[in-house]
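>>> Let me see the structure of the following:
(one chain, ligands or ions: 1)
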Amino acid sequence: MSTDAANKTGKPVTLDAFDTERIKADFPILQEQINGHRLVYLDNAATTQKPRVVINALIEHYRKNNANVHRGLHTLAERSTEGFERTRAHIARFINVPDTGEVILTKGATEAINLVTYGWGEHNIKPGDEIVLTEMEHHANFVPWVTLAQKKGAVIRRIPITVCGHLDLSDIDKIITPKTKLLALCHASNVLGTINQVAELAKRAHEFGAVVVGDGAQAAPHMTVDIQQLGVDFYAFSAHKMLGPTGVGVLWGRRELLENMTPFNYGGEMIREVGYERITFNDLPWKFEAGTPNIADVVAFDEALTYLEDIGMDRIRAHEMALTKYALERLSEISGIEIQGPQDVESRGAAISFTDPTIHPHDISTFLDSRGIAIRAGHHCAQPLMRTLGKVATARASLYIYNTESDIDALYDALLEMRKYFGV
Ligand code: C6P
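Coordinates of the predicted model:
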């Protein structure tokens, strides 16, 4: 039972059997004081904090097992390679794919999507082809495709959003058509929180033979992701948004597509035979992993996945839904605060963007920081979406497993204090 039982609304706590206080204790940084206040970390969509087991795994790797991977024949090289490949196998289980060769380790979701743009897009997108994006894409799943379209003379089509922040599928038959070569969409929006109907849209795009790229950066950390159910062709996400270290990301891709793609980077590790006349490439997944990878961080990511699994992804989703509901209710008690994105917690994640009519998001963030509360303010790398919303920026509180109702209460209290401070 959460120790948050005495939240300020007096409502019963819904976090039964989800012991957030125990979880919090596993994260050393959450014991920090910021500007004389306890740290209330609500910037989880940008990056999450790391539990002790992940930090220890990093130290342990460098203290006991450090060596390059896939190269040496000595004991340390074997240990290091084993740790690295153990994480790959774990990722495959985590997203329910049987073939570990389809799991490519990158430095983040951004690099994973760029890998598809270069490795697949460069050779398959032709003049006049259509690339379908949504209005809520992060730049990582927008800039590579728009740039590719400009280079190739392809056309960008966009799925608009409704006023409630869902994808507007009313004209979808006119947007996904036989001309569609690629559909790239986020599984969950980093600004609106919206969880998109990826499986349904992938099915539609596949009817026309299009390839589907899912950006899972804001979904994989928060819910069960079953690649086979999603039915996409590529799926990208980042370790650092799910308790893992920075500098590690995942691209899952269908074997038959990956086999036919050219490498993204060239160099060591990704080759089989090298000569002056002819070079042949390594098997999957190593064909896409040129150079020395981010070994220690990959090894430590294994612990992050175990930590999430020990709690259970479905329980994490349930915890976040309850907390998001509470946060939406509390924020809407503050007059003038405008919340972006869906109001129903079933169709949204825990990234909550909001604005105040008279206080700039940067000022909101700065004031909250003075009270120990970390949120993000800005365009959140989603400028096309900001234009659609008619905003230059929003403030965003994003929740994760260690957040409690008392964190939301602290946000609420500080926002009230801020409005008083600014004379609103
Ligand atoms: N969004 C945010 O504060 P990287 O930076 O490669 O780990 O992830 C990129 C990325 C891709 N897609 C979505 C939906 C994302 O939200 C992000 C990262 C962070 O919203 C940093 S801008």
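>>> When you work out contacts or count neighbours from here on, use the C-alpha atoms and nothing else.
Noted.
>>> do you know how far residue 138 is from residue 216?
11 Å (CA to CA, to the nearest Å).
>>> tell me, what's touching the two both at once?
residue 186 (CA atoms under 8 Å, 6 or more residues apart in numbering).
>>> Alongside the ligand, which residues does the stretch 301-424 of the chain contribute?
Contact residues, the stretch 301-424 of the chain versus the ligand (CA under 6 Å from any ligand atom): 380-381.
>>> Which parts of the stretch 301-424 of the chain are strands?
338-339, 351-355, 373-374, 376-378, 394-398 (DSSP state E, counting those that start in this stretch).
>>> From the contact counts, what lies against the last one?
The reference is to strand 394-398. Applying 3 or more CA pairs under 8 Å, 6 or more residues apart in numbering; DSSP states H and E, one finds that strand 394-398 contacts strand 351-355, helix 361-370, strand 376-378.
>>> so can I have a markdown table of these showing distance to residue 18, mean pLDDT and mean neighbour count?
Output for the helices and strands packed on strand 394-398, formatted as a markdown table (distance: least, CA to CA, whole Å; pLDDT from 0 to 100; neighbours: other CA atoms under 10 Å):
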| stretch | distance to residue 18 | mean pLDDT | mean neighbour count |
| --- | --- | --- | --- |
| strand 351-355 | 20 | 98 | 25 |
| helix 361-370 | 27 | 98 | 19 |
| strand 376-378 | 26 | 98 | 21 |
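>>> Make CSV out of the ones you listed and add distance to residue 249.
What follows is the helices and strands packed on strand 394-398, written out as CSV (distance: least, CA to CA, whole Å):
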stretch, distance to residue 249
strand 351-355, 20
helix 361-370, 28
strand 376-378, 22
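>>> what about the strands in the stretch 101-250 of the chain?
Going by DSSP E, counting those that start in this stretch, the stretch 101-250 of the chain shows strands at 103-106, 130-134, 155-159, 180-186, 211-215, 234-238, 249-253.
>>> Take these and lay them out in TSV including mean pLDDT.
Putting the strands of the stretch 101-250 of the chain into TSV (pLDDT from 0 to 100) gives the following:
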stretch	mean pLDDT
strand 103-106	98
strand 130-134	98
strand 155-159	98
strand 180-186	99
strand 211-215	99
strand 234-238	99
strand 249-253	98
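>>> Figure out which of the ones you listed is closest to the ligand.
strand 234-238 (4.8 Å; CA to the nearest ligand atom).
>>> what does that closest one contact?
Contacts for strand 234-238 (CA under 8 Å, 6+ apart): 107-109, 112-113, 116, 212-218, 220, 227, 246, 248-254.
>>> Can you check what angle separates that strand from strand 211-215?
10 degrees (axes from the mean of the first three to the mean of the last three CA atoms, to 10 degrees).
>>> Contact partners for residue 379?
With CA under 8 Å, 6+ apart, residue 379 has these contacts: 386, 392-394.
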